[in-house]
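S.K.: The following block contains a protein sequence and its predicted model.
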Amino acid sequence: MNNNQKYLFYISQNYSFEILRPLQREILSQGSQVAWFVAGSDVNLSNFAADEVVLNSVADVISFNPVASFVPGNIIPRFIPGIKVQVFHGLEWKKKGHFVIRDCFDLYCTHGAATTNRFNQLANQHKFFDVKETGWPKLDNLFNTPKKQYFSNNLPTILFAPTFSPALTCAPFLYEEIAALVDDKKYNWLIKFHPKMDTKWLELYAQLSSENLKIITSSNINSLLQSADIMVSDTSSVIGEFALLGKPVIAFNNSQPGDYLINITDAKELPQALTVALSPSETLILAINRYAQELHPYSDGKSSLRILEAVEDIRLNGKQAIKTLPRNIIRNLKQRKILNYWKF
């Protein structure tokens, strides 16, 4: 691997930090440089560590001249330098838009057969991007993150992690049942909302009060995943991350329920589903492990290294794809307006 390269992290959401920091650690260990650029106003700048380099303008990014730009989001303008690499912001391929090709990327770093096969089909169709199955850098830390003692008792711990999409979120439907279960004090509850969750649901759940309940606001969720015994969710991308740990998930109206989920369609089913999840059958555990293998078969903590190797292969040998990125004039003009950058 050639060291002393420059790489850019192009981010627009707070969850990007947990995804990209393992990649940053691998880059720095190889003697290369990382700079971050924030697009939009949704990122809390206090999340940056004192020793992380942040570029303040597109002009600074162009002057930095990275060999590759890594993106957890959906879009990066064509005028940002470097090989444009999609690393994804979640594992959940069932959500609308996961396989939408927005003409922005030279390389898709996929996570496992569940997504690699489809993106290979799309690469053959569009012919301007490569696909490399690398695993997800965020998960380099998942398997070695220790459990955290959130409560002073040994009751089973349930992680409630709904998605934000109004069409998919279970937050409005499960509130009353969860409130009753919290009052029963048979379980501990950790609640983690998606950063884009409607504030009216945050305010509603904030009314719940118990020594057996904590609402977590940190964007770092690996310790939550490790510490919880089961998860309650819907069609959130975090379901896949939890399944990789071999633990049961109760999903409310999952958009594509599989045999690895305990899918319920009525909030009244939640108490019984919790009982089932806490004593999972061998059949359920086998289904969870089979799904995890298709979703992300890597637990070696080396996904970041594989991503850098894929980029280095393109840098040295060029893309396998026979076409260049589409000019996509309208989308790039919109991005110039958003970023207030008009130098051509």
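M.R.: Done, it's in.
S.K.: in the helix-or-strand element of the chain with minimal mean pLDDT, what counts as buried?
M.R.: Within the chain, no helix or strand scores below helix 329-339, which has a mean of 86 by mean pLDDT, DSSP states H and E. Residues of helix 329-339 classed as buried by neighbour count (16 or more other CB atoms under 10 Å): 331-332, 335-336, 339. Yep, even glycine has a C-beta here, placed from its N, CA and C like the rest.
S.K.: In TSV: the residues you listed, plus distance to residue 281.
M.R.: Output for the buried residues of helix 329-339, formatted as TSV (distance: CB to CB, whole Å):
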residue	distance to residue 281
331	48
332	52
335	50
336	55
339	52
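S.K.: from these, which is closest to residue 71?
M.R.: Closest to residue 71 out of these is residue 335 (12.3 Å), distances taken as CB to CB.
S.K.: residue contacts, the closest one?
M.R.: When contacts are counted by CB atoms under 8 Å, 6 or more residues apart in numbering, residue 335 touches 75, 77, 79.
S.K.: Mind checking which of the residues you listed are buried?
M.R.: Buried residues within these, counting neighbours by 16+ other CB under 10 Å: 75, 77.
S.K.: Export the contacts of residue 335 to CSV and append columns for secondary structure and distance to residue 152.
M.R.: What follows is the contacts of residue 335, written out as CSV (DSSP: H, G, I helix; E, B strand; the rest coil; distance: CB to CB, whole Å):
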residue, secondary structure, distance to residue 152
75, coil, 45
77, coil, 50
79, coil, 54
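S.K.: Next one: the spatially most central residue of the chain relative to residue 225, how far apart?
M.R.: By CA atoms, centre = their mean, the chain has its centre lying nearest to residue 90, at 2.8 Å. Distance, residue 90 to residue 225, by CB to CB, to the nearest Å: 13 Å.
S.K.: Overlap in contacts, these two.
M.R.: Counting by CB under 8 Å, 6+ apart, the shared contacts of residue 90 and residue 225 are residue 238.
S.K.: can you list contacts of stretch 188-203?
M.R.: If you take CB under 8 Å, 6+ apart as the criterion, stretch 188-203 is touched by 13-15, 42, 150-151, 153, 155-164, 166, 169, 171-172, 175, 178, 181-182, 205, 210, 212-216, 219, 221, 224, 227-228, 236, 238.
S.K.: Restricted to strands, list these.
M.R.: Members of the contacts of stretch 188-203 lying in strands (criterion: DSSP state E): 157-160, 213-216.
S.K.: Out of these, the closest to residue 273 would be?
M.R.: Among these, and counting by CB to CB, the member closest to residue 273 is residue 158, at 10.7 Å.
S.K.: does that closest one really touch residue 228, like I thought?
M.R.: Yes - using CB atoms under 8 Å, residue 158 is in contact with residue 228, at 6.5 Å.
S.K.: More neighbours: which of these two?
M.R.: Remark: of residue 158 and residue 228, residue 158 carries more neighbours, 27 against 24, as counted by other CB atoms under 10 Å.
S.K.: how far away is the more buried one from residue 242?
M.R.: From residue 158 across to residue 242, the span is 11 Å (CB to CB).
S.K.: now residue 48
M.R.: Distance, residue 48 to residue 242, using CB to CB: 28 Å.
S.K.: between these two, who's got more neighbours?
M.R.: Using other CB under 10 Å as the criterion, residue 48 and residue 242 rank with residue 242 on top: 26 against 14.
S.K.: Wasn't that one part of a helix?
M.R.: Yes - counting by DSSP: H, G, I helix; E, B strand; the rest coil, residue 242 is part of a helix.
S.K.: Below-threshold pLDDT in the stretch 51-200 of the chain: ranges please.
M.R.: 94-96 (pLDDT under 70).
S.K.: Settle this for me: residue 179 is touching residue 204, isn't it.
M.R.: No - here residue 179 does not reach residue 204: they are 9.5 Å apart, not a contact under CB under 8 Å.
S.K.: re the thing from before, would you mind putting the contacts of residue 335 into TSV with distance to residue 54 alongside?
M.R.: As requested, the contacts of residue 335 are exported to TSV (distance: CB to CB, whole Å):
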residue	distance to residue 54
75	20
77	18
79	19
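S.K.: If we only consider the contacts of residue 335, which is nearest to residue 6?
M.R.: Nearest to residue 6 among the contacts of residue 335, with distances taken as CB to CB, is residue 79, at 16.8 Å.
S.K.: wait, that closest one sits on residue 69?
M.R.: No - applying CB under 8 Å as the test, residue 79 and residue 69 come out as separate, 11.0 Å apart.
S.K.: Break down the stretch 101-250 of the chain into its helices, ranges please.
M.R.: With DSSP state H, counting those that start in this stretch, the ranges of helices along the stretch 101-250 of the chain come out as 113-126, 171-184, 199-205, 222-227, 238-243.
S.K.: which stretch among these comes nearest residue 27?
M.R.: Closest to residue 27 of the helices of the stretch 101-250 of the chain, according to CB to CB: helix 222-227, at 20.0 Å.
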